[in-house]
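**Student:** Would you be able to build a 3D model of this:
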Amino acid sequence: MIELADVHVTLSSAAGPVHILRGVDLSVAGGSSASVVGPSGSGKSTMLAVVGGIERPTSGTVRIDGQDLGALNEDQLATFRGREIGILFQAFHLIPTMTALENVAVPLELAREPDAHRQAWERLAEVGLRDRAGHYPGQLSGGEQQRVALARALANHPKLLLADEPTGNLDQETGREIVELVFRMQRERAMTLLLITHEPLLAARCQRRLRMADGRVEDVQETGQRLRAVGRGEVA
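**Tutor:** Below you'll find the model as predicted:
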């Protein structure tokens, strides 16, 4: 589902080039879950933006479900992203002047779905917010806003769900509820999940754990195996 090959992201600054991603290679199988941990500034959110087609890499190849994102123009990329990828942000990013129902209907309307509001109602029901459909974001709790955001991310039945610190703005109990909902939806829909988190226990729930540092990514399990091998004198 996710294939990154030698992906670099380099930004210009007054002090010279800033290397955000430094040759990232990553493969995540369809229908599986993978978490990404690492310190702030390590490149986690940038990698997620590249996978989601929000940011173009400076060089390298990004393939999602077999599609080379670099071969798409901006309109084609937006269409592909709206059809194949759902994104869940830490800050919710709901439109404050729209009701919960209208927020969820936005991606459906952009895709010209004829029954956008009916489908949006169904998505809200799935996350337990049918009775809050007519409320505006300012009338909802943080947990309810994130449920609306999840319903919106799942509106078009994407194959890939990207979650960037989805519990970062929530209290512990509410965050636990959102996590359970995300993983249940991932299993029921057989979606691929790529999750960025600072929480080790949350990261451990994914089938695969990745760590980012200095713009590079590696498997946590493989890292541990290599360190144990070094300790036994098996590798240099």
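
**Student:** C-alpha only now, for contacts and for neighbours.
**Tutor:** Noted.

**Student:** Let's verify the most centrally placed residue in the chain: helix, strand, or coil?
**Tutor:** Nearest to the mean C-alpha position of the chain, by Cα atoms, centre = their mean, lies residue 162 at 1.5 Å. Secondary structure assignment for residue 162 (DSSP: H, G, I helix; E, B strand; the rest coil): strand.

**Student:** was I right about residue 42 contacting residue 19?
**Tutor:** No - using Cα atoms under 8 Å, residue 42 is not in contact with residue 19, being 10.2 Å away.

**Student:** Identify the contacts common to these two.
**Tutor:** Common contacts of residue 42 and residue 19, defined by Cα atoms under 8 Å, 6 or more residues apart in numbering, comprise residue 215.

**Student:** okay but the residue nearest to the centre of the chain is in contact with residue 186, surely?
**Tutor:** No - with contact defined as Cα under 8 Å, residue 162 does not reach residue 186; the gap is 10.8 Å.

**Student:** Residues that sit against both of those two, list them.
**Tutor:** With Cα under 8 Å, 6+ apart, residue 162 and residue 186 have common neighbours residue 193.

**Student:** Ramachandran angles for residue 190?
**Tutor:** phi 50, psi 40 (degrees, to the nearest 10).

**Student:** these two touch, right, it and residue 31?
**Tutor:** Yes - counting by Cα under 8 Å, residue 190 does reach residue 31; the two are 4.9 Å apart.

**Student:** Roughly how far does the nearest residue to residue 64 once chain neighbours are set aside sit from residue 57?
**Tutor:** Distance criterion Cα to Cα, 6 or more residues apart in numbering; nearest residue to residue 64, sequence neighbours excluded, is residue 2 at 4.9 Å. Distance, residue 2 to residue 57, using Cα to Cα, to the nearest Å: 15 Å.

**Student:** These two: who's more crowded?
**Tutor:** More crowded of residue 2 and residue 57, by other Cα atoms under 10 Å: residue 57, with 22 against 19.

**Student:** Can you give me every residue that contacts the residue nearest to the centre of the chain?
**Tutor:** 48, 52, 85, 86, 87, 88, 193, 194, 195.

**Student:** which residues of this protein fall in strands?
**Tutor:** 2-11, 18-28, 33-37, 59-64, 67-68, 85-88, 160-164, 192-196, 208-213, 216-219 (DSSP state E).

**Student:** Next, the angle strand 208-213 makes with the longest one.
**Tutor:** Following axes from the mean of the first three to the mean of the last three Cα atoms, to 10 degrees, one obtains 170 degrees for the angle between strand 18-28 and strand 208-213.

**Student:** which secondary structure elements does strand 18-28 contact?
**Tutor:** Applying 3 or more Cα pairs under 8 Å, 6 or more residues apart in numbering; DSSP states H and E, one finds that strand 18-28 makes contact with strand 2-11, helix 44-51, strand 216-219.

**Student:** I appreciate the help and will end here.
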